[in-house]
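Chemist: structure for the following, please:
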Amino acid sequence: MKSIRILLILLFPIAVCSQSIVNNSKNDYELVPDNDGILVEKFDSIIVDENKYNANNSVFKPGTSFNYSFEHLTAAGEKLYFKVNSDQKSWDFVTVDKADSKTIKSVVIQVMSGNPMAQYVPDYNQTTIAYILLENEPFSMSGVIENEANVWVHPPRDHYFKILELNPFPYIKAPYAVGTEWTWNLKIGSKWGDQRWKTWDGNIDNTYNYKITDKIVIKTPLGDLECLVIESTGASEIGTTELVAYFHPKYGFVKLNYTNIDGSKTNLVLTEYMKNEMGG
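Modeler: Alright, predicted model coming up:
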């Protein structure tokens, strides 16, 4: 995909504790907990390779992209999509019968090579991903953490997708086996609110509980895939959310079924896994 401008940069706060958890001398890094408990790679200062956070990835390899179909279901069950307005800031829901070529029905998560986010955050320690809603339109970037201890993905959060900020993020933690449980916490500012689902003042504290509950074969556009099922909930003073995620060791999170803060649902299904021209 060419001639794409970056509209905004989405950042996840990075803070690394000094306590070493795993010393992986083969890969020249340690795994240490960030401020929220996700394990991230910590390299010796002499290692300056801009791909050092990408080299051990099994799913999110630079030069690959993941095309997800998207649908929003209201609490009453009506299917909706959305369209970004000409100001590139506001957006509106679109009914199925009003959909056209500018209606958002999918999102591409594209894995960048190097560390392009380092120009904004010098010590950025994630794999950079771009979220593309329409080809040749502005896109944003954020990150993925992938290593032998966990895989954590920041979901798209442009326009309508701001609603996902309140939900559990796609996240799986070792051991990758039925019965594994863990928690995560995140502060969420009021800028992620919207009158179409929920508004609040200041920051709220979201607590997420995750559990790998099953290992099943599911039918997908990529074929029958054996996936781990991760059931998760989010809770804060403004309400609760849910995510059921299906994780495959090659394709990552192949299906994401969200229950949003207002009782609506967001469904993302991986429809295409691609090698692409844009690596960074």
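Chemist: buried residues, stretch 249-263. List them.
Modeler: Going by neighbour count (16 or more other C-beta atoms under 10 Å), the buried part of stretch 249-263 is 251-256, 258-261. Where C-beta positions appear, they are placed from N, C-alpha and C, glycine not excepted.
Chemist: roughly how far apart are the residue lying closest to residue 179 once chain neighbours are set aside and residue 219?
Modeler: Nearest in space to residue 179, with sequence neighbours left out and distances taken as C-beta to C-beta, 6 or more residues apart in numbering, is residue 212 at 6.6 Å. Noted for residue 212: a distance of 20 Å to residue 219, by C-beta to C-beta, to the nearest Å.
Chemist: who's more crowded, these two?
Modeler: Neighbour count, other C-beta atoms under 10 Å: between residue 212 and residue 219, residue 212 has more, with 22 against 8.
Chemist: what does the pLDDT read for that one?
Modeler: On the pLDDT scale, residue 212 is placed at 98.
Chemist: please apply the same query to residue 60.
Modeler: 97.
Chemist: the one 4 residues further on now?
Modeler: Confidence per residue is given as pLDDT, and for residue 64 that number is 96.
Chemist: if I look at it, how far off is residue 146?
Modeler: With the distance defined as C-beta to C-beta, residue 64 ends up 12 Å from residue 146.
Chemist: okay, the two: which has more neighbours?
Modeler: Remark: of residue 64 and residue 146, residue 146 carries more neighbours, 25 against 18, as counted by other C-beta under 10 Å.
Chemist: quick one, what contacts residue 145?
Modeler: 38-40, 125-127, 151-152 (C-beta atoms under 8 Å, 6 or more residues apart in numbering).
Chemist: any chance of those residues in CSV, plus secondary structure, neighbour count and distance to residue 110?
Modeler: Putting the contacts of residue 145 into CSV (DSSP: H, G, I helix; E, B strand; the rest coil; neighbours: other C-beta atoms under 10 Å; distance: C-beta to C-beta, whole Å) gives the following:
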residue, secondary structure, neighbour count, distance to residue 110
38, coil, 22, 22
39, strand, 20, 24
40, strand, 24, 21
125, coil, 21, 20
126, coil, 26, 15
127, strand, 26, 11
151, strand, 24, 17
152, strand, 23, 18
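Chemist: CSV for those residues, including distance to residue 60 and pLDDT?
Modeler: What follows is the contacts of residue 145, written out as CSV (distance: C-beta to C-beta, whole Å; pLDDT from 0 to 100):
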residue, distance to residue 60, pLDDT
38, 14, 95
39, 16, 96
40, 14, 96
125, 14, 93
126, 10, 95
127, 5, 97
151, 8, 98
152, 10, 98
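Chemist: next, format these as TSV and append distance to residue 85.
Modeler: Formatted as TSV, the contacts of residue 145 follow (distance: C-beta to C-beta, whole Å):
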residue	distance to residue 85
38	35
39	40
40	37
125	35
126	31
127	31
151	34
152	32
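Chemist: residue 48: which of these is nearest?
Modeler: The nearest member of those to residue 48, counting by C-beta to C-beta, is residue 125 at 13.5 Å.
Chemist: quick one: contacts for the nearest residue to the closest one once chain neighbours are set aside?
Modeler: Setting aside the residues directly before and after it, residue 125 is nearest to residue 40 in space (C-beta to C-beta, 6+ apart), at 5.2 Å. Shown in contact with residue 40 (C-beta under 8 Å, 6+ apart): 14, 16, 31-34, 125-126, 145, 147.
Chemist: most surrounded residue in those residues?
Modeler: residue 126 (26 neighbours).
Chemist: nothing else from me, thank you.
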